[in-house]
Structures are given as structure tokens and as C-alpha cells.
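Participant: Sequence below, structure please.
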Amino acid sequence: MLTIEEAFTKFRSRLELNEKEQANASSRQREIRAHMDTRFDVEHDFLTGSYARHTKTKPLKDVDIFCVLGEGERHYRKEAPSALLSAVEDALVDKYGRAAVKRQRRSVCVDFGVKPDADDKTDHRVVSFDVVPAFALGDCYEIPDLGALGGAGGWTKTDPRVHANKAIEAQKAYSSEWKGLVRMMKYWNNHHDKPIKPSFLIEVMALEVLHPPYGGERSRELQAFFATLAARIHETWSDPAGLGPPVSDVMDAAMRSSARMALLEAERAAAHAIDLARRGRQGDALRAWRELFGPLFPLS
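Facilitator: Residues are numbered from 1 along each chain as shown. Below you'll find the predicted structure:
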């Protein structure tokens, strides 16, 4: 039977993107770029977000592609952000169909119709992409933003490179375990109907609450992670790049309270699983961890 630590090692491996998934993501990127080129002046594009930072969890969905627009599209900067997002939405609808395309706060989502099975597997295929139109602005980028919680929209500055560098630094400081723990927490969040929104908020909080050095036992680390997130979910969490609005601005007071309750329940479940292992009930402990995290947590 697997030890708890062996199970977490296998769990971490299952949440990492493999070559087939990366190849499918790359193919979808080229497909979207080719279509965007027929409708917009696109200078260049690149995959970003948690996919590029290696903190994306399974199933693989909402992969961010930045489409950096050229001078031919600068007129959109004189209009409301919704005008550019609507134009991108219309362009993608022409290729993928109305039912597959959805405009979001800062991007347009394309759903490829891939449905995860009961074990959260997708045959190595990407579920969806988020297409982010952007303009270069000196050393950073500017993207349309419709605003959160009924607030006014505008044009938001962002720099994915800063986010990526901070993740690299955290990973190095945490004995190369930081990204794995973040992916596990994001997987828990997905499995429990996303009490924390957006999932990037988990990563932002982890930059501060996962204090190095790594303690050496993932079960204890995750129990503490749940507890600390619960204690601090009501705080305002700024953009790590210091450019955009707070990452936590999506959640109102009621959502934060609900997330806190879910995190506290998860911390108690983690404590129970740890106690089962301490009492030698290894199989029960593995099943308790699987119930907490979901079907990708191994039992054998």
C-alpha cells in the first residue's frame, strides 16, 4: 500500500502537464492565432497565466493566450473596453460557434467541447482557452477590463513576466515544492465548486503564506495551507506586479465568508486524515485524502 507521502508524490505528478497535453495546447494556440490573424492586426501571441507558470491544475482548462495587437487596432483604446472584447467575441464565434464562445471580464473563452470523465481525465486534450487581447505599453501590457462586482471598467495594466518570476522564486525557495502545493490547492478548489475566485488568488496568497523552508511533509503543509487561507481570505490581495486592481476584488463579503467556511472544513478533513495515518489506518487515510481532493488523488 502507498504511504501518504508516496500518494502525494503521485498526486503531484498526476497534476503536472504531460507532453501530449502541452502538444494539444500548442496546437490550439496556433489555431486561434491563425484565425485571429484574419480579423485583427496581431503583432505576436504567447501562452501565459498559470499554464506558463506551471501552476495550472487538471483538467486543463482556461489556458490564457495573450494576443498582442498592433497599431492597426489602436483605435480600440479610444473606445470602451467592451468594444474590443465584443469584436474578439464576434471573431471567435465565426469559427467556433455561438455556444462555444463566452465573453468574460478580461478575455473571451473558447470551449472546445471536451468533457472530463469521472476521473477528471480528458484524453490529454485542452478543455478551453481564454483569449486575452492586449496592447504593449512600455515594459508591460494593457488589457480591457469590464470591472468586478458591478464596478467601473477600464484598461488594466499587467505584466505576466513579473508573475512568472515570482513563481520561479517561490519554487526555488520552497525546495521545488511550492508549485506542486499550489496545483493541489487549485485542484481542491475546482473539486469543491471554486469557493476561491479567481484561482489565481490562491497563487497570490501562496506567495505570502507559504513561508520557506519547506517542512518536508505535504500532508502537514496542506493542513496549514488550508488554515492560513481561511484566516486571511478576508484580506485584500494586491496584484503581485503592482499594476492592476486587487486580485481579490472578484469576491464580496458573502463569497469570502463562504470560502472561509469551505477552507476550515477542508482543514478539519486534513487533520482527520493525518490522524487516521497516525493511528495506522493507512487505507482509511488515503480514502479521506481522496474524498477531500478528488479522483486524481491515488489510492494505490
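Participant: so where do the strands sit in the stretch 1-150 of the chain?
Facilitator: Secondary structure of the stretch 1-150 of the chain by DSSP state E, counting those that start in this stretch: the strands cover 42-48, 63-69, 101-103, 108-111, 128-137, 140-145.
Participant: Just put the ones you listed in JSON lines and tack on mean neighbour count.
Facilitator: Any C-beta I mention is one placed from the backbone N, CA and C, and that applies to glycine too. What follows is these, written out as JSON lines (neighbours: other CB atoms under 10 Å):
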{"stretch": "strand 42-48", "mean neighbour count": "17"}
{"stretch": "strand 63-69", "mean neighbour count": "22"}
{"stretch": "strand 101-103", "mean neighbour count": "18"}
{"stretch": "strand 108-111", "mean neighbour count": "21"}
{"stretch": "strand 128-137", "mean neighbour count": "21"}
{"stretch": "strand 140-145", "mean neighbour count": "21"}
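Participant: Including distance to His191, could the ones you listed go into a markdown table?
Facilitator: Shown next, in a markdown table, are the strands of the stretch 1-150 of the chain (distance: least, CB to CB, whole Å):
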| stretch | distance to His191 |
| --- | --- |
| strand 42-48 | 25 |
| strand 63-69 | 19 |
| strand 101-103 | 22 |
| strand 108-111 | 20 |
| strand 128-137 | 18 |
| strand 140-145 | 29 |
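Participant: closest one to Gly280 among the ones you listed?
Facilitator: Between Gly280 and the strands of the stretch 1-150 of the chain, the shortest separation by CB to CB is 42.6 Å, and it involves strand 63-69.
Participant: out of the strands of the stretch 1-150 of the chain, which comes closest to Asp252?
Facilitator: When the strands of the stretch 1-150 of the chain are ranked by distance to Asp252, counting by CB to CB, first place goes to strand 140-145 at 17.7 Å.
Participant: who does the closest one pair up with?
Facilitator: Strand 140-145 has the following sheet partners, assigned by DSSP bridges: strand 128-137 (antiparallel), strand 154-158 (antiparallel).
Participant: Quick one: distance of the first one to the chain centre.
Facilitator: Using CA atoms, centre = their mean, to the nearest Å, we find the averaged C-alpha position of strand 128-137 to lie 15 Å away from the chain's own average C-alpha position.
Participant: Now do the helices in the stretch 1-150 of the chain.
Facilitator: With helices called from DSSP state H, counting those that start in this stretch, the stretch 1-150 of the chain shows them at 4-15, 19-39, 49-53, 81-96.
Participant: Need the residues that contact the second one.
Facilitator: Contacting residues not belonging to helix 19-39 are listed as 17, 42, 45, 47, 51, 60, 63, 65, 67, 87-88, 91-92, 95, 110, 112, 124-126, 129, 131 [CB atoms under 8 Å, 6 or more residues apart in numbering].
Participant: The last one now?
Facilitator: If you take CB under 8 Å, 6+ apart as the criterion, helix 81-96 is touched by 32, 35-36, 38-40, 67, 73, 76, 101-104, 106-108, 110-112, 131, 133, 144-146, 153-155.
Participant: Recalculate using a threshold of 6 Å.
Facilitator: Contacts with helix 81-96, where a contact means CB atoms under 6 Å, 6 or more residues apart in numbering, come from His35, Arg39, Tyr76, Val101, Arg103, Val108, Val110, Pro133, Pro144, Asp145, Gly153.
Participant: which of the residues in the longest helix seen in the chain are buried?
Facilitator: Looking only at the chain and at elements set by DSSP state H, the helix with the highest residue count is helix 253-278. Using 16 or more other CB atoms under 10 Å as the test for burial, helix 253-278 gives 255-256, 258-260, 262-264, 266-267, 269-270, 272-274, 276-277.
Participant: now do stretch 184-195
Facilitator: Applying a neighbour-count criterion of 16+ other CB under 10 Å, one finds Met184, Met185, Lys186, Tyr187, Trp188, Asn189, Asn190, His191, His192, Pro195 buried in stretch 184-195.
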